[in-house]
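J.: turn this into a model:
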Amino acid sequence: MKRFVWNHLSVNLLCTVLIVCYFSFSVGCQPSESTTNSDSTAVTEVASPILPAAYQTEDYLTLLQGKRVGMIVNHTSLIDTTHLVDSLLSLDVNITQIFAPEHGFRGEAANGEEVQDATDVRTGLPIVSLYGKNRKPSAGQLKGVDILVFDIQDVGARFYTYISTMHYVMEACAELDKSMVILDRPNPNGFYVGGPVREPEQKSFLGMHPIPIVHGLTVGELAQMINGEGWLTDSLQCDIEVIPVKNYTHADRYSLPVRPSPNLPNDQAINLYPSLCLFEATSLSLGRGTEFPFQVLGNPNQSIQQAILAKYPSFDSIQFTPQDIPGVAFDTKHRGELCYGVDLREIPPLEGFTLEFLMDYYQQAKAHGMTNEEFIDRPSAFALLAGNKTLQKQIEEGKSLKEIEQSWEPELAEYKAMRQQYLLYEDFE
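T.: Here you go, the predicted model:
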């Protein structure tokens with residue numbers, strides 16, 4: 001059952017409500033199953049706020065004191081509006097190194113753009129890039145570090161590369177006998193599991209683990225799975241301490257307070273991302289280079305747009321022209337071309353992973369003269385995103401959506417059973 005949840009930006013508002021309740025009623029306004037005043041009027045239940053682990057400094061500060069600390073963080077590593085690095089420095093934690101994932105420490109690099117080593121101008125701390133040629137910390141880079149802290153907001157998709165960075169850091173720690181603290185955060189797509197499970201041949205930075213496209217885990221749960229299933233090189237085990245989120249379940253819908261990456265600007269884009277990302281390897285634009293990435297689909301062929309709108313009469317049409325945007329989008333698909341598309345900004349949030357959009361666009365593209373090679377124009381990238389080479393073949397052979405989804409079921413069932421062993425929070429079912 002879904003429940004209304006407060007995200008951590010609501011903590012101040014919640015405190016205000018509690019204070020008002022306290023002075024308005026002779027009884028305290030405390031979260032409970034039900035309370036009544038003297039006139040037998042029901043008092044509305046107040047849900048406890050979801051608190052990411054970073055907020056709970058009392059639960060991990062002692063693990064860091066007296067040690068040289070490395071931070072795997074980015075712009076999402078916040079306690080309210082203060083960066084975790086700044087908070088820990090104010091508590092006299094000896095931070096010696098910052099390691100930056102894709103998009104950089106401050107989240108200012110576009111998708112796929114190489115992140116450079118640098119010095120943070122605000123703190124003077126050295127920043128080591130873990131995106132580009134160097135994806136795994138070296139022994140030299142970890143020489144002045146005793147313990148590492150990972151605190152990055154994930155969105156629950158296999159090809160979202162922050163979890164690949166976490167894997168490589170865990171591996172480096174295991175090889176060098178260093179420990180790691182993972183400050184967990186809620187998964188905004190953690191309320192379901194779906195999509196094909198990655199096959200061994202498609203292992204890459206876009207898919208380090210044999211998990212479905214939507215894995216239904218927090219980063220802390222996934223880290224436990226990586227250790228438990230022996231997925232690090234030579235089945236090494238990383239010494240990890242997971243600090244859990246408070247008041248969170250996988251049934252909760254969590255609204256992120258800050259965009260997790262430049263092209264996921266809001267809840268709608270984050271919700272659509274797992275189901276739309278396969279379009280990255282096709283001739284369709286997902287709106288990169290516009291104000292609404294991952295919320296539109298389109299290309300310069302207006303006939304295809306009209307055919308899609310005929311099937312989805314509730315969808316709005318849209319025209320857009322992608323452009324390169326510094327720090328957000330570069331080498332943009334259909335850059336400078338007028339695209340005719342469908343607007344997904346106001347559709348109801350998806351309840352699970354779907355191939356329906358992809359298959360509809362493929363069918364209409366074929367009907368309007370586009371070849372297989374013209375539609376899926378980057379087949380190797382498509383296989384990496386899908387996690388197999390089978391999906392493209394199934395689509396091109398005319399398999400139905402139901403047939404394709406049924407082909408995933410055996411491996412999905414195995415994964416779901418395995419997943420249960422590593423859950424830290426009440427599940428969605």
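J.: C-alpha only now, for contacts and for neighbours.
T.: Fine.
J.: what's the spacing between the nearest residue to Q97 once chain neighbours are set aside and L206?
T.: The shortest distance from Q97 to any non-neighbouring residue, by C-alpha to C-alpha, 6 or more residues apart in numbering, is to G70 (4.7 Å). Look at G70 and L206: by C-alpha to C-alpha, to the nearest Å, they are 24 Å apart.
J.: neighbour count winner among the two?
T.: For G70 versus L206, the count of surrounding residues by other C-alpha atoms under 10 Å is larger for G70: 24 against 20.
J.: quick revisit: got a list of what the residue nearest to Q97 touches?
T.: Contact analysis of G70 by C-alpha atoms under 8 Å, 6 or more residues apart in numbering lists I95, T96, Q97, I98, F99, L142, V145, D146, I147, L148, V149.
J.: helix/strand/coil for the nearest residue to E241 once chain neighbours are set aside?
T.: Sequence neighbours aside, V181 is the residue nearest to E241 in space, at 4.8 Å (criterion: C-alpha to C-alpha, 6+ apart). Judged by DSSP: H, G, I helix; E, B strand; the rest coil, the three-state class of V181 is strand.
J.: in the stretch 201-350 of the chain, which spans are strands?
T.: With DSSP state E, counting those that start in this stretch, the ranges of strands along the stretch 201-350 of the chain come out as 212-214, 239-243, 296-299, 316-320, 339-343.
J.: show me the helices in the stretch 201-350 of the chain, by range?
T.: Ranges of helices in the stretch 201-350 of the chain, per DSSP state H, counting those that start in this stretch, are 219-228, 267-276, 302-311.
J.: buried residues, the last one. List them.
T.: Across helix 302-311, burial judged by 16 or more other C-alpha atoms under 10 Å covers I304, Q305, Q306, A307, I308, L309.
J.: so which of these comes closest to R378?
T.: Closest approach to R378 among those (C-alpha to C-alpha): I304, at 19.9 Å.
J.: rewinding a little: next up, the contacts around the residue nearest to E241.
T.: Applying C-alpha under 8 Å, 6+ apart, we find V181 in contact with I147, L148, V149, F150, I240, E241, V242, I243.
J.: by neighbours, which of those wins?
T.: Among the contacts of V181, the one with the most neighbours (other C-alpha under 10 Å) is L148, at 27 neighbours.
J.: hmm, S179 and that one touching each other?
T.: Yes. Using C-alpha atoms under 8 Å, L148 makes contact with S179 at a distance of 6.5 Å.
J.: surely A54 meets D151?
T.: Yes. If you go by C-alpha under 8 Å, A54 and D151 touch, sitting 7.3 Å apart.
J.: any idea how far S285 is from Q323?
T.: Going from Q323 to S285 by C-alpha to C-alpha gives 11 Å.
J.: cool, Y273 as well?
T.: The value you get for Y273 to S285, if C-alpha to C-alpha is used, is 13 Å.
J.: pull the number of nearby residues for S317.
T.: Other residues close to S317 by other C-alpha under 10 Å number 18.
J.: and the pLDDT at E411?
T.: Among the per-residue scores, E411 holds a pLDDT of 98.
J.: what sits against it?
T.: Residues near E411 by C-alpha under 8 Å, 6+ apart: P196, V197.
J.: now Q394
T.: Q394 makes contact with I404, according to C-alpha under 8 Å, 6+ apart.
J.: so for W6, what's the pLDDT?
T.: 41.
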